[in-house]
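>>> Sequence and predicted structure below; questions after.
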Amino acid sequence: MDTLSPLDAAFLEIEDADPHVSLAIASIAVIEGPAPAHHEFLALMRSKLPLLPRARQRLTRAPWYLKAPAWEDDVSFDLSYHVRRTALPAPGGDAELSALVARIMGQRLDRDRPLWEYWVVEGLTDGRWAVLAKVHHCMADGISGTMLYDVMYGDAPVPDGEDGGSPGLFSLLAGVMRMPLSLAGGLLSLARSLLPVPVSTLFGRIGSPRLYRVVRASLPEVKDVAHAFGVTVNDVVLAVVARAYRAVLLERGERPLSQSVRALVPVSVRTDRRMDNQISLRLTFLPVEARSAVEALSTVHERFTALKSGHEAEAGHAVTGLAKYEPFAPLAWSIRFGAALPQRSIVTVTTNVPGPRKPLRVLGREIVEILPYVPIAVRIRTGVAVLSYADRLSIGITADRDSTPDVDVLAAALSEAIAELVSASPRGATTTRRG
C-alpha cells in the first residue's frame, strides 16, 4: 500500500481539527450542449479509470497514528456512487450554478470510499451543461488537479504512480547541511510571517455553509497588463485581490492598513506528474493600503520579488521533505493541535493555477470555461482561486456564508480592479480612447 506524504496527510488532519471544514478542491467545466445521457458519461469515466488507479482506492489508518495513512483498493468500489447528476433551476445562470457549487463543496467526502465525486450538471443557460470535479486535497493540489483534464478529456500521458523522484533521507539531510545562509534565512522569514495581524472581521470562526462567486477576465488582456508594467501575471492577480480586500474593509468601516491582510500564496515545487501535493508557500501582505490599482501592482511586484530572493518557498519545501522521515504520530498530533488554535496570522489564501492551454472537448462537446474552487479552513473566511484556460482567466471566490454575506463586494471590486489596470496600461488606454 502507498502511504501518504506528510503534506498530503496534513490536509486530513486540518480537516479533522474542525467539523465545519471540508478540504476538497474542485473545478467546474462549463461545456457546450447538449448534455450526454448518463450512461454515456459513465462509460467515459469507466474507460478512464484504468489510467487513474487512485480513483479506486480509499484511505486506511493505523491505530494510534503509528504510521501515516495509506491507500488500499476499495473492493466494493461503485462508480455510480461517485458520478452523480443534477440540474439547475431556471434560468441556470451564474447565481444558480454558484449556489450549487457552494452546497456541494460545503459537504465532506465520505472517508470510507475513494475521496472524489464528479457531478454532471444540466440546465445551464444557452443549452450548456457542466461537470464539477470534486477531489480531496490529500489526493491532489491545483496543478495535479488540472492535469486530470488532459488525462480525462485530452491525450496526456498517464500520471506517474511511483514516487521515484523523492530523495532519500541522507540525501535530504546532506542538502539541508549544504543550505546557504539565505535558505536558512528563508526559515526565519517564514517564522516571522506567522506573527499576528491586526484584528479584523476578515478572519475568525467559520461555519459549514459556503458562498461561491465567479469573476471572469481575458487572459490576453491580463498578460498585456503584466507586459506593460514589467511584472508577472501572478503580480497582477495579487494586485487585484488586494484591491478587492481593500473594498471589503472600507465597506465594513475598517481601516485598510499595510499589515491588515496577509495572504498564503501556494507555490508549486512540482518535478513530476504524480497525482499528489507538491507545493510550498509564500506569505505576503497584500497592499490594501494602496489608493490605486497601479500603486497596488507596483507594491505587490516589489514585495514578491523580495520574497523570491528570501527563499521562503525553498525552505518550506525542505521542511516538508524532512517531515517524511519523522514519526507520524507526533507530526499528526501537532498539525491537528495547531489547526485547532485560533490563528491570527493568515487572512486569506490566493492560488493561481495554469490550466489547459488548448481547448478541450468532452464527448465531442467543447469546454467553454473552467471555474476553480479553493477550500477555506483555520479561521480563514475567504479564499481566491485563479485558473487560466485557453484565452480565459476565471476567478473563483470561496466564502464562509455566516461571516461573509458581503462576498459580492469582493467580487465586484475584483472586476473593477482588473478593468482599472487594463485601462491604465498603454494598450488599454489606446483601446479606451478609440472606443
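Structure received.
>>> Tell me how many other residues surround Leu360.
The local packing of Leu360 (other Cβ atoms under 10 Å) involves 21 other residues. For every residue, glycine as well, the C-beta is placed using N, CA and C.
>>> now swap in Ala399 and tell me
For Ala399, the count of nearby residues is 25 (other Cβ under 10 Å).
>>> Please apply the same query to Ser47.
10.
>>> His38 now?
Residues lying near His38 (other Cβ under 10 Å) number 13.
>>> Equivalent analysis for the one 3 residues further on, please.
Using other Cβ under 10 Å, Phe41 has 19 neighbouring residues.
>>> Going forward, count from 37.
New numbering, starting at 37: the last item is Phe77.
>>> so it touches Trp155, yeah?
No: the pair Phe77 / Trp155 is not scored as a contact, 10.6 Å apart, by Cβ atoms under 8 Å.
>>> From the chain's centroid, how far away is stretch 89-97?
The chain centre lies 22 Å from the centre of stretch 89-97; the measure is Cα atoms, centre = their mean, to the nearest Å.
>>> before we move on, what SS does Leu450 have?
Under DSSP: H, G, I helix; E, B strand; the rest coil, Leu450 falls in the helix class.
>>> Hmm, I typed the wrong one, I wanted Gly432.
Going by three-state DSSP: Gly432 is strand.
>>> Could you do His56 as well?
coil.
>>> Quick check: it vs Asp438, distance?
10 Å (Cβ to Cβ, to the nearest Å).
>>> can you pull out the strands in the stretch 237-386 of the chain?
For the stretch 237-386 of the chain, strands defined by DSSP state E, counting those that start in this stretch occupy the ranges 246-254, 298-304, 315-321, 384-390.
>>> mind listing what's buried in the longest one?
Within strand 246-254, the residues that qualify as buried by neighbour count (16 or more other Cβ atoms under 10 Å) are Arg246, Leu247, Tyr248, Arg249, Val250, Val251, Ala253.
>>> show me what contacts the last one?
Listed by Cβ atoms under 8 Å, 6 or more residues apart in numbering, the contact partners of Ala253 are Arg428, Leu429, Ser430, Ile431, Ile454.
>>> from what I can see, the last one looks like it's in a helix, true?
Spelled out, that is Ile454. Yes: secondary structure of Ile454 (three-state DSSP): part of a helix.
>>> quick one, phi/psi of Ser439?
With angles defined as degrees, to the nearest 10, Ser439 sits at phi -100, psi -10.
>>> same check, this time on Tyr185
phi -60, psi -40.
>>> Report pLDDT for it.
Tyr185 carries a pLDDT value of 77.
>>> Can you report how many residues neighbour it?
21.
>>> what kind of secondary structure is the spatially closest residue to it that is not a sequence neighbour in?
In space, and not counting its chain neighbours, Tyr185 is closest to Pro392: 5.2 Å by Cβ to Cβ, 6 or more residues apart in numbering. Look at Pro392: counting by three-state DSSP, its state is coil.
>>> pretty sure Pro392 is in contact with Val187, am I right?
No: with contact defined as Cβ under 8 Å, Pro392 does not reach Val187; the gap is 10.8 Å.
>>> Compare these two and say which is more crowded by neighbours.
More neighbours surround Pro392 than the other of Pro392 and Val187, with 20 against 17 (other Cβ under 10 Å).
>>> quick one, what contacts that one?
For Pro392, counting by Cβ under 8 Å, 6+ apart, the contacting residues are Thr182, Tyr185, Asp186, Gly190, Ile406, Tyr425, Ala426.
>>> follow-up on the earlier one: next one: the residue nearest to Tyr185 from Ser451, what distance?
Counting by Cβ to Cβ, the gap from Pro392 to Ser451 is 24 Å.
>>> Mind putting the contacts of Ala253 into JSON lines with pLDDT?
Below are the contacts of Ala253 laid out as JSON lines (pLDDT from 0 to 100):
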{"residue": "Arg428", "pLDDT": "96"}
{"residue": "Leu429", "pLDDT": "97"}
{"residue": "Ser430", "pLDDT": "97"}
{"residue": "Ile431", "pLDDT": "98"}
{"residue": "Ile454", "pLDDT": "97"}
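>>> Including distance to Leu396 and neighbour count, could those residues go into CSV?
Compiled in CSV, those are given as follows (distance: Cβ to Cβ, whole Å; neighbours: other Cβ atoms under 10 Å):
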residue, distance to Leu396, neighbour count
Arg428, 12, 18
Leu429, 17, 25
Ser430, 14, 22
Ile431, 20, 25
Ile454, 25, 26
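>>> burial measure for the nearest residue to His173 once chain neighbours are set aside, as a count.
Spatial nearest neighbour of His173, excluding adjacent residues (Cβ to Cβ, 6+ apart): Phe47 at 4.1 Å. Other residues lying near Phe47 total 23 when counted by other Cβ under 10 Å.
>>> same check, this time on the one 10 residues further on
Val57 is flanked by 22 other residues according to other Cβ under 10 Å.
>>> again with Ala342
11.
>>> which residues touch it?
Contacts of Ala342 by Cβ under 8 Å, 6+ apart: none found.
>>> how about Thr418, phi and psi?
Here Thr418 shows phi and psi, under degrees, to the nearest 10, equal to phi -140, psi 150.
>>> ok, and the closest non-adjacent residue to it?
Ala435 (4.8 Å).
>>> now do Glu287
In space, Glu287 is closest to Val445, 5.1 Å off (Cβ to Cβ, 6+ apart).
>>> List the contacts of the helix or strand hosting Val171.
Using DSSP states H and E, Val171 maps to strand 165-172. Residues from elsewhere that reach strand 165-172, judged by Cβ under 8 Å, 6+ apart: 47, 59-67, 69-71, 133, 136-137, 140-141, 145, 151-160, 181, 184, 398.
>>> how does it look with 6 Å?
60-67, 69, 71, 145, 151-158, 160 (Cβ atoms under 6 Å, 6 or more residues apart in numbering).
>>> how close does Ala299 get to Val336?
For Ala299 relative to Val336 (Cβ to Cβ), the value is 10 Å.
>>> out of these two, which sits in the busier spot?
Each of Ala299 and Val336 has its neighbours counted (other Cβ under 10 Å); Val336 has more, 26 against 23.
>>> okay, that one: pLDDT?
Note on Val336: pLDDT of 96.
>>> which ones are touching the closest residue to Pro378 other than its chain neighbours?
Distance criterion Cβ to Cβ, 6+ apart; nearest residue to Pro378, sequence neighbours excluded, is Arg415 at 6.4 Å. By Cβ under 6 Å, 6+ apart, the contact list for Arg415 reads Phe239, Gly240, Gln379.
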